[in-house]
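Chemist: what follows is a protein structure lacking sequence information:
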DNA sequence: AGAAAAGGTGAAAATCATATCACCCATGCA
DNA sequence: TGCATGGGTGATATGATTTTCACCTTTTCT
């Protein structure tokens, strides 16, 4: 569901539709979009809309005037209560003793409920990415990760998870095939690996709910 | 303001339009109104709309598909307390009116002081990246950005900044050369651009202090 | 070198929507 | 009685919008 990336041009079409919605409370026509972005043929616009629909950004109602609907449901941060969860900031631990994770926290961070994605705050903790194995996904070494503790057997294939590998905390895409845990990186220079379910070197903590990063200085 | 009274029939037409707006985020056609209220002729509906316009409940745009606008201006305020820094979540605004940024917030997010990097909480706000122009830096469309409002003249070259470009909020690497603002993307498919310091289309808000992203679900 | 993919142009055909005209029927008053 | 007002029917004219076709250019990837 992480929306497919848009090209620069597609993005400006999409943003124009949103802007038009904000201003007029209704969708623009193909011609209006074209006028705004200097596309003379409604067909050119139509192709952009088709791409946006394929990528899941909009929905079209065929043959209908202004038949464009935004798919984004603009999640409002107020759907939650106003309590601020304080999550433990944990440090790397020998994967043979994953239970030590919570017993030796390095601190705690306040986190808006939005970033817990409806998970129980008591099941969540914060760790830091130990390598750049998921850099193509925009997760870099040092990033703060909101992790939901959950047994790997309940995870759907493809979930992005935090893993204690020996004494490092890393992020990988998880899948369970042929009786083994497969950890797939998103960075060509990192290797894919597989482990036995009970390998003491490898402990899957649970899915990554959010990623946070300080820019500028060192985290 | 509280306009002239409506007849029962006129009121149900009016209420239907409002209901349609809530459900579809756009105005209905004459035929749709007629179908809903068992009026077979679009002319019958048209007369109702004319009456509603006369009485000041709606506005019509001639010859335009779904050319109905509600005249009503409903605003909804909100409140929040502050213990942990609570930063305004702002939405994109026409760059010609950057001052509107804070005046029309979409909400607020609690943010740990760590991610404010020692900046004054009152100078900070949260916006969302409007494109993938900095994807190589791990900043993607939809990411939440902690932005420190600061005049661009005080920014060192190379700072990663949030910019209001027309009606989009985007992230770029900033530099000031030969009397022009240069905005450098970190994604090969996006173009580098430069603007005059006072170009009304381009307003630099300030440096990005942190980036946050929800995984898995909708942002 | 060749083939996709992104982005377009232009114009005709097919629909969807609105505007208008002519006419009908109640009801409430002066 | 007389006639203005609210509510409607149906048909037609006139736009406004979306679709579809046939081709074209540039950039990117293999």
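Modeler: Received it, and whenever you're ready, just let me know what you need. Small disclaimer: the values here were computed from a predicted structure and weren't measured.

Chemist: residue A:211 contacts residue A:143, correct?
Modeler: Yes: contact status for residue A:211 versus residue A:143: in contact at 5.3 Å, counting by C-beta atoms under 8 Å. To be clear about C-beta, it is placed using only N, CA and C from the backbone, and glycine gets the same treatment.

Chemist: so what secondary structure elements neighbour the longest strand that chain A contains?
Modeler: The single longest strand within chain A, with elements called by DSSP state E, is strand A:202-214. If you count contacts as 3 or more C-beta pairs under 8 Å, 6 or more residues apart in numbering or on different chains; DSSP states H and E, strand A:202-214 packs onto strand A:144-148, strand A:160-165, strand A:168-177, strand A:180-184, strand B:202-214.

Chemist: list the buried ones in that strand?
Modeler: A:202-214 (16 or more other C-beta atoms under 10 Å in any protein chain shown).

Chemist: what values do phi and psi take at residue A:13?
Modeler: phi -60, psi -50 (degrees, to the nearest 10).

Chemist: count of residues packed around it?
Modeler: 24 (other C-beta atoms under 10 Å in any protein chain shown).

Chemist: the one 3 residues further on too?
Modeler: Summarising burial for residue A:16: neighbours were counted as other C-beta under 10 Å, giving 19.

Chemist: next: residue A:15.
Modeler: 21.

Chemist: with adjacent residues omitted, what lies nearest to residue A:5?
Modeler: residue B:132 (5.2 Å; C-beta to C-beta, 6 or more residues apart in numbering or on different chains).

Chemist: repeat that for residue A:41.
Modeler: Using C-beta to C-beta, 6+ apart, the closest residue to residue A:41 is residue A:34 (7.1 Å).

Chemist: next, the contact list for that neighbour, please.
Modeler: By C-beta atoms under 8 Å, 6 or more residues apart in numbering or on different chains, residue A:34 lies in contact with A:40-42, A:44-45.

Chemist: what are the contacting residues of stretch A:43-53?
Modeler: Counting by C-beta under 8 Å, 6+ apart, A:6, A:9-10, A:13-14, A:30-31, A:33-34, A:37, A:39, A:58-60, A:68 sit against stretch A:43-53.

Chemist: rerun at 7 Å
Modeler: Applying C-beta atoms under 7 Å, 6 or more residues apart in numbering or on different chains, the external contacts of stretch A:43-53 come out as A:10, A:13-14, A:30, A:33-34, A:39, A:58-60, A:68.

Chemist: so what's residue A:71 up against?
Modeler: Counted by C-beta under 7 Å, 6+ apart, residue A:71 has contacts A:56-59.

Chemist: my bad, should have said residue A:182
Modeler: Residue A:182 neighbours (C-beta under 7 Å, 6+ apart): A:175, A:192, A:194.

Chemist: neighbour count added to the residues you listed, as a markdown table?
Modeler: Formatted as a markdown table, the contacts of residue A:182 follow (neighbours: other C-beta atoms under 10 Å in any protein chain shown):
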| residue | neighbour count |
| --- | --- |
| A:175 | 16 |
| A:192 | 11 |
| A:194 | 16 |
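
Chemist: so which of those residues comes closest to residue A:164?
Modeler: residue A:194 (16.1 Å; C-beta to C-beta).

Chemist: for residue A:169, name its beta-bridge partners.
Modeler: Applying DSSP bridges to residue A:169 gives these bridge partners: residue A:164.

Chemist: roughly how far apart are it and residue A:190?
Modeler: Per C-beta to C-beta, to the nearest Å, residue A:169 is found 15 Å from residue A:190.

Chemist: what sits closest to the residue of chain A most remote from its centre if chain neighbours are left out?
Modeler: The C-alpha centroid of chain A is most remote from residue A:40, which lies 36.7 Å away (C-alpha atoms, centre = their mean). Closest residue in space to residue A:40, ignoring its immediate chain neighbours: residue A:34 at 6.5 Å, by C-beta to C-beta, 6+ apart.

Chemist: how about the host helix or strand of that neighbour, does it get close to DNA strand D?
Modeler: Taking DSSP states H and E as the definition, one finds residue A:34 inside helix A:30-37. Yes: residues of helix A:30-37 contacting DNA strand D under C-beta under 7 Å from any atom of the strand: A:30-31.

Chemist: in that helix, which residues are buried?
Modeler: Under 16+ other C-beta under 10 Å, the buried positions of helix A:30-37 are A:30, A:32-34, A:36.

Chemist: what sits opposite residue A:184 in the beta ladder?
Modeler: With DSSP bridges as the rule, residue A:184 is bridged to residue A:173.

Chemist: that one against residue A:171, yeah?
Modeler: No: with contact defined as C-beta atoms under 7 Å, residue A:184 does not count as touching residue A:171 (10.7 Å).

Chemist: more neighbours, those two?
Modeler: residue A:171 (30 against 17).

Chemist: what residues are up against the more buried one?
Modeler: Counted by C-beta under 7 Å, 6+ apart, residue A:171 has contacts A:129, A:133-134, A:139, A:145, A:160, A:162, A:208.

Chemist: state the distance from the residue nearest to residue A:40 to residue B:61.
Modeler: Distance from residue A:34 to residue B:61, by C-beta to C-beta: 19 Å.

Chemist: what does residue A:36 give?
Modeler: From residue A:36 to residue B:61 the distance is 17 Å (C-beta to C-beta).

Chemist: go on, residue A:44?
Modeler: From residue A:44 to residue B:61 the distance is 25 Å (C-beta to C-beta).

Chemist: what about these two, which has more around it?
Modeler: Legend: neighbour count by other C-beta under 10 Å for residue A:44 and residue B:61, higher for residue A:44 (16 against 13).
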